[in-house]
Each structure stands twice: as C-alpha cells, then as structure tokens.
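Asker: Structure here, sequence nowhere to be found:
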C-alpha cells in the first residue's frame, strides 16, 4: 500500500503539534494533507536521510538542490509557510544526529529511519561550497567567494537579469518593465551623487558595468569600476567598447582595498557591502572615506537585516552561505549608519526601498522560470534550482519585513561645514 505521504504528514504533525499547512506527495505516488494547499513533492527517500543527518534548513536545501524535493503550486506561499515552520519554532539548524531526550524527537527520528533507510548521509550536491578554513574576508578568500557567486556564466545571468544586467534592487517608480525600473535606479543613484560632466566616479563592485555606462553616457562622468569577478570584467569591457565609452570608463579586476588613485568626486557601492563582513566593515568605510575628495558623496546601497535582541546570537544563513553568497553577512541599518559616521562621513539621507526588491526578485524568478531548460544547460540543473530558491525565498523575506534594503547618502563634509547637498529633500542636484 502506498502510504509514505500519510506517514510523513503524521510524523510532521506529531513533531509540530499542529496540522501541517502544506500537502505532501511522496515518491510512491501517495498524497496527504489539506486539499488546495501548496504541495511539497518528496521525489526520493534520500531527502529524508538528508533531514535525518542535518535537520532544518540545510537538510532541506540539499534535498532541493539535488532535485529530491520540489514545490507544486504557489512557490512563494509554500516558502512563506515553510519558513514559519522552520524559524518560527526555533529549530536548531546546527543539530546533528545524536541521542535526544525529547521523546517526540526520538520518535520522529525512528520514523525517518524507517522511511528513509539507515544509511550514511548522502554527499552534498556539487554546487555546495566546501567549508573553508582560516580567517574571514582575506583578499584571497573574498576573491574565491565572489568567483563562486558571479563567475557562473554571463549568459546565465543575462537570462535572469534581462538586458539591463543589473544585479541589485530596481526602483519601481513610474517604470512598467524591469529594464525601465533598473534604469530609473541607476539614474536615482547618479542624481543623489550629483554627478556632473568630467567628475570622477568610483563604482565599487561594478558588476557587468551598468552603473559605469549610465554615469558616463548620461552624465559625462569619468568612471573607474572595480570587481573581483573576471567574467564580469570581460563583459563590462566589451559593453563599454560597444558604447564607445573607452575614453571615459576603466574597468579593473581589483579589490577595493587596493584602490590608490583618489581622490574621487563620488563613490557608488551598489549591492557590494554585503560581501564586506563585520570584521572588515570599518576598514571598508575608512577606505572609501579616504578615496573621496572633500565634499564628495558616497551612495551605499545595501541589504539590511532586522536587529537581534542579542547580536552575538546572529548566525549567517546556512543555505545562503553554502550555496549563494559564501561569507556574506547582513547588518542592521543602524550599525551601518553608525560605522559610516565613525569613519567621518556625514549621513544625509536614508531611503528604504524594501518593497522594490521584492518586486525585482519576482521579476528575476519569472525570467528564470520562463527560460528554465536553457538556464539549466548554461550552468547546471542544481545551480538553477539554487537561484530559483534563493530569489523566491528572498522575495518573501522582503515582503514580510524580515530583511530590507536601503540607499544611504553620505558626504565627506569639509571643515567649512558646507555639505553641498540641497536643502530640499530628494532634490539631489
């Protein structure tokens, strides 16, 4: 009798103490759970062994990347519900298999053993970053982390991001398309920076060159863009040549800590500071401050997490760390503002655009899903599943205010006290 789904549902409800809000379809064809709810499809019993050996997020993530589980129905609704089950109940993501005192957990483990089979843990999918030793955020380690995320293939990113090739939150003001919203975001940054003809802009973490091209073409700026990704640099240089902007834009494969040719009139850092890490953030702020001319402006566009009651309890998300942004860290907005001020900046404006990122991510997921066979061929089926999961889950997190994103405008205000920022709010020039 095919009853794996019913047995899984029963196990989950006994462990949770509540009805399971998703439906389950098991490898034997059986189904159980509320009709019409999003369905968690367990395609292989190997997924249960992953959960047995690594309960919580990492076990589920490995099964997802390996193609052993999937969602049938509204992906966003399912992820929202599952996130509440995992984190709303305080699941210890670092728990490994060992004897436990709680009889419910012992019973659940026995049930998983019967269904999944007591075998050694399956190896992690090849897309998972192997654990690295040594201190965080050295130049070498940062370069390896950036390569893991960005050197996936420019053609793959082109499918996901669309023609704009901008990999950060768009600005949905009057825009009707993703490309228009990304153009409006780049223009907003340029206006906040007050860019003018011939002024020098340093674009830290320049990606595929979109900001550099926009600033040079539309505002006449002279731009230096730095990235640690060789694939991004190759793409950006070709794009700049095609635009006829070689005399205005220089793209370097260089760590921001090694930039020595200041002063610059303005600095943009869009979606890059998340890679810096708390142990280096003051160094980051000091470096950018030193590279600006007096009166120069910094636009720091950065994802923020909600503050913890006990900040020492903060842990990097295991799925993101293993599969998406190795060593990436999020900080509360207040800490970021304080660090910039401690480095000498005067913070003049903070604009929260959290809802804009949720909409941007949904657009990227739509792009990926509509070109799924090609995306899987360009990289791997597992990596395509990584990107679909992380972008969809991130969209839900922004919508639920679990994380946010902010544009911080800061000035290297001279001793005279004249910031050069207009008195009227949002009148950037």
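Answerer: The structure has been received and is ready for your questions. Quantities reported herein were computed from a predicted structural model and do not represent experimental measurements.
Asker: Relative to residue 349, how far out is residue 294?
Answerer: As judged by Cβ to Cβ, to the nearest Å, residue 294 and residue 349 stand 19 Å apart. Where C-beta positions appear, they are placed from N, C-alpha and C, glycine not excepted.
Asker: Ok, residue 31 next?
Answerer: 53 Å.
Asker: Got the confidence number for the residue nearest to residue 205 when sequence neighbours are not counted?
Answerer: Closest residue to residue 205 apart from its sequence neighbours, by Cβ to Cβ, 6 or more residues apart in numbering: residue 272 at 2.8 Å. pLDDT, residue 272: 94.
Asker: For residue 272, grab phi and psi.
Answerer: phi -110, psi -30 (degrees, to the nearest 10).
Asker: which ones are touching it?
Answerer: 204-205, 256 (Cβ atoms under 8 Å, 6 or more residues apart in numbering).
Asker: Repeat that for residue 384.
Answerer: Taking Cβ under 8 Å, 6+ apart as the criterion, residue 384 is in contact with 368, 372, 375-376.
Asker: ok, now residue 293?
Answerer: Shown in contact with residue 293 (Cβ under 8 Å, 6+ apart): 262-265, 412.
Asker: so it sits in a strand?
Answerer: Yes. Counting by DSSP: H, G, I helix; E, B strand; the rest coil, residue 293 is located in a strand.
Asker: Look up how far residue 420 lies from it.
Answerer: Residue 293 sits 11 Å away from residue 420 when distances are taken as Cβ to Cβ.
Asker: ok so, going back, which of residue 294 and residue 349 has more neighbours?
Answerer: residue 349 (16 against 13; other Cβ atoms under 10 Å).
Asker: what element comes up after the longest helix along the chain heading to the C-terminus?
Answerer: As assigned by DSSP state H, the longest helix anywhere in the chain is helix 381-399. Where DSSP states H and E defines the elements, the next helix or strand beyond helix 381-399 is strand 403-411.
Asker: List the strands paired with that following strand, with their directions.
Answerer: strand 292-305 (antiparallel), strand 346-352 (antiparallel) (DSSP bridges).
Asker: Pull out the buried residues from the first one.
Answerer: Which is strand 292-305. Neighbour-count burial for strand 292-305, counted by 16 or more other Cβ atoms under 10 Å, picks out 292, 295-305.
Asker: With pLDDT and distance to residue 333 added, can I get the residues you listed in TSV?
Answerer: Shown next, in TSV, are the buried residues of strand 292-305 (pLDDT from 0 to 100; distance: Cβ to Cβ, whole Å):
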residue	pLDDT	distance to residue 333
292	98	22
295	98	25
296	98	22
297	98	19
298	98	15
299	98	15
300	98	11
301	98	12
302	98	8
303	98	10
304	97	4
305	96	9
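Asker: Out of these, give me the two with the largest separation.
Answerer: Greatest spatial distance in those: 295 and 305, 32.1 Å, computed using Cβ to Cβ.
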